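Q: could you look at this predicted model? Sequence included:
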Amino acid sequence: MLVGIREATVEDAEAIAKIHVNSWQAAYQGILPDGYLAKLTVEARSEAWRQSIMSGRPRVLVADANTDTDETILGWIAFGRSRDGDKDYHWAEVETLYIAPAFWRKGVGKRLIDAARHVLKSAGYTDVALWVLLDNRRARAFYKRAGFVCDNSSRGVQLGGKWLTELRYCCSLSSA
């Protein structure tokens, strides 16, 4: 299957939202409350992603399978300037990266992270950071394989009425 990486368009918002919801429901099972995950809707996420894509913040790339079916978007990555107060203008941030669960461990995430790193390096950033849930071992292992290292920074985040810990992972863009 040929997978291309391209800029997201407003027309991609529903597909992005569907992957967002399905990925959360699969990846965060046992991490977030089941009731919270069950209440996630594609409709609510679609409108949020439509607005984000129109505003250009964050920047969103999609992995497109280039097929004749309706399910061509396999995953997406959102990124931009770091929002962390302890990082200067040289730092970028991967805000989110989600892949349709059927395509986990098939190289789609790697293609997206590599494309984002290339875009960020071309824009003059020298480093990139991201936040990942402590309990999301699959994602942490993925980012480690992709060259990210935990910098031992952590923060609390409340999702679904539950307090969770996020860890920050960082990577130099010098090799991107």
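A: The structure has been received and is ready for your questions. Numbers count the residues shown, from 1 in each chain.

Q: use CA for all of it now, contacts and neighbours both
A: Fine.

Q: so the closest residue to I113 other than its chain neighbours, which of the three states?
A: Distance criterion CA to CA, 6 or more residues apart in numbering; nearest residue to I113, sequence neighbours excluded, is I77 at 7.3 Å. Classification of I77 using DSSP: H, G, I helix; E, B strand; the rest coil returns strand.

Q: I77 contacts E93, doesn't it?
A: No. With contact taken as CA atoms under 8 Å, I77 and E93 are classed as non-touching, separated by 10.7 Å.

Q: show the contacting residues for I19.
A: Applying CA atoms under 8 Å, 6 or more residues apart in numbering, one finds that I19 lies in contact with 74-75, 98-100.

Q: so which helix or strand takes in it?
A: helix 13-27 (DSSP states H and E).

Q: next structured bit after that helix?
A: That would be, after helix 13-27 and using DSSP H and E, helix 34-38.

Q: identify each buried residue in that next one, please.
A: Buried residues in helix 34-38, counted by 16 or more other CA atoms under 10 Å: L37.

Q: tell me what it is packed against?
A: helix 13-27 (3 or more CA pairs under 8 Å, 6 or more residues apart in numbering; DSSP states H and E).

Q: of all the residues in the helix it packs on, which ones are buried?
A: For helix 13-27, by 16+ other CA under 10 Å, it's 13-25, 27.
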